[in-house]
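> dropping a prediction and its sequence here:
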Amino acid sequence: MIRPIPPGTRDVLPDEMRELRDIQSALLGTFEEAGYREVRTPTLEYADALELADRRSADSAYRFFDERGEMLALRTDMTIPIARLVADRYRDLEPPHRLSYFANAYRAVTPQRGELREFGQAGVELIGVPGPDGTAEVVELLDRSLSAVGLDQAVIGLGEDGLWTALLQDAGAGPETIERSSELLVSHDLVGVERILRESDELDEEAIGQASRLIQLRGGTEVLEQARGLGGAGFAEVLDRLTANFEAISSRSLGREVLLDLGMLRDIGYYSGSTIEVYDDAVGDVIGGGGRYDDLMNRFGLDLPAAGFTLYIERIHKAQLERGRDV
C-alpha cells in the first residue's frame, strides 16, 4: 500500500534531484557573477508581516498558532521576507543592496488545477536603485539567467502596473469597477473584463473600446505609439514611465527581445511600477516574473526603491525537458 501525500506536493527522486541541483548551481552562479549575494530567511514569518506587505499574498498563506499563541505563516514568496530582512538588518548600510536566493515557498492553491502548494523559487532583489536603471539591470540579469539554464527561446514580457488603473480613472470608472475588472484581467478573462465595464454604467462606448484595445496590445516599440491615443493625462504619465523603462532595457546587451505587454497585470499586490513575466512555449504557464515594488520597503519603514524577479524551478525544469525533446 502506497501512503498518499497531500495534493499539491510531490516526492523528488535522485535523478530529478540532480537536475534541479544543476538548475540551482547555474542560477546562483549567474547571480553571484553579477554581484548578488545569497541570503536565506526563515520558512516561517509572523503573519502580520505578510499582511503588512501584501494582503493578497497573506490571504493565500498557510497559517497556524505557535506555543505562545502568536500567528505564524509559511512564506508565500521570497520578496516580502527579503524586504523585511533589509529593513531590519541593512538599515544603517549604504544602498544599493544586491541579494539573491534559492528557496521553497508555500501557497494555498487549488491542487486539482495542477498547481503546487510547495514550489521552488530562485531570484534576485535589487534594493536602492531607482527607476529605469534598476529595472534594466534586473531584466538584463534575468536574460542571462534564462540563458544559463538553456532557455534561449523563453520570452520576457514587460508591462506597467498602473496602466489599467490610470486608463479607467481617466475615463471616470470608480474603485469597485477598477478592482473587479483588475481581478478578471489578472486571470486573462477578457470577456469578463468587458462585461464588468459595461455593467458599471460608468464608461461610454469609446472608453470601453479603448480599454479592450489596451489589454490586447503586445509587441515592440510600435505598441507604445498605438497606445499614445488612449486615455487622458494620468494614462499618458504612466505610459511615459513604461517608455523610459523600455528604452533603458533596450540599451542593454540582451540575448533576446523584450516584448511589451500592455495588458499585463500580476496577481501580487505589492508591485508599483514595471512588471515582468517570463514565458516559454514549451510550458503552458508563466515560468517567472517580477517587477518594481518601490512602495513595499516603505511598509517596513525604509524608504528605498526596489525591483527583482523570481523563477519557478519546477517550471524551468519542465521547460528544459520539453525543449530537450524538441532537439
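Done, it's in. Numbering: from 1, shown residues only.
> ok, residues contacting the strand or helix carrying E194?
According to DSSP states H and E, E194 maps onto helix 190-200. The list of residues contacting helix 190-200 from outside it, by Cβ atoms under 8 Å, 6 or more residues apart in numbering, reads 168, 173-174, 176-177, 180-181, 184-185, 203, 207-208, 211-212, 215-216, 263. Where you see a C-beta, it was placed from the backbone N, CA and C, and this is true even at glycine.
> chain center to the helix or strand following it, what's the gap?
The helix or strand immediately downstream of helix 190-200 is helix 205-214, counting by DSSP H and E. How far helix 205-214 lies from its chain's middle: 26 Å, per Cα atoms, centre = their mean, to the nearest Å.
> ditto for stretch 273-290
How far stretch 273-290 lies from its chain's middle: 8 Å, per Cα atoms, centre = their mean.
> list the contacts of the lengthiest helix in the chain.
The longest helix of the chain (DSSP state H) is helix 14-33. Residues outside helix 14-33 that contact it (Cβ under 8 Å, 6+ apart) are 12, 38, 100, 102, 120, 122, 124, 141, 144-145, 148-149, 311, 313, 316-317, 320.
> and if you look at stretch 170-188?
Residues contacting stretch 170-188 (Cβ under 8 Å, 6+ apart): 164-165, 168-169, 190, 192-193, 196-197, 200, 202-204, 207, 210-211, 215, 231-235, 263, 265-267.
> tell me where the stretch 101-250 of the chain has strands.
Taking DSSP state E, counting those that start in this stretch as the test, the strands found in the stretch 101-250 of the chain are 118-127, 155-160, 218-219.
> so of those strands, which one's packed in deepest?
Highest mean neighbour count of the strands of the stretch 101-250 of the chain: strand 118-127, a mean of 23 (counted as mean count of other Cβ atoms under 10 Å).
> elements contacting that strand?
Using 3 or more Cβ pairs under 8 Å, 6 or more residues apart in numbering; DSSP states H and E, the elements in contact with strand 118-127 are helix 14-33, helix 79-89, strand 97-106, helix 131-148, strand 306-312, helix 313-326.
> contact partners for the one residue sitting closest to the centre of the chain?
Against the mean C-alpha coordinate of the chain, by Cα atoms, centre = their mean, the closest residue is G290 at 3.1 Å. Going by Cβ under 8 Å, 6+ apart, G290 touches G123, V138, L142, T275, I276, A307, G308, F309, T310.
> can you report how many residues lie near the residue lying closest to E115 once chain neighbours are set aside?
Residue nearest to E115 in three dimensions, not counting chain neighbours: V109, with 4.0 Å by Cβ to Cβ, 6 or more residues apart in numbering. V109 has 15 neighbours, counted by other Cβ atoms under 10 Å.
> what's the closest of the helices and strands packed on strand 118-127 to R55?
Proximity to R55 (Cβ to Cβ) singles out helix 79-89 among the helices and strands packed on strand 118-127, at 11.7 Å.
> pick the most deeply packed of the helices and strands packed on strand 118-127.
strand 306-312 (a mean of 26).
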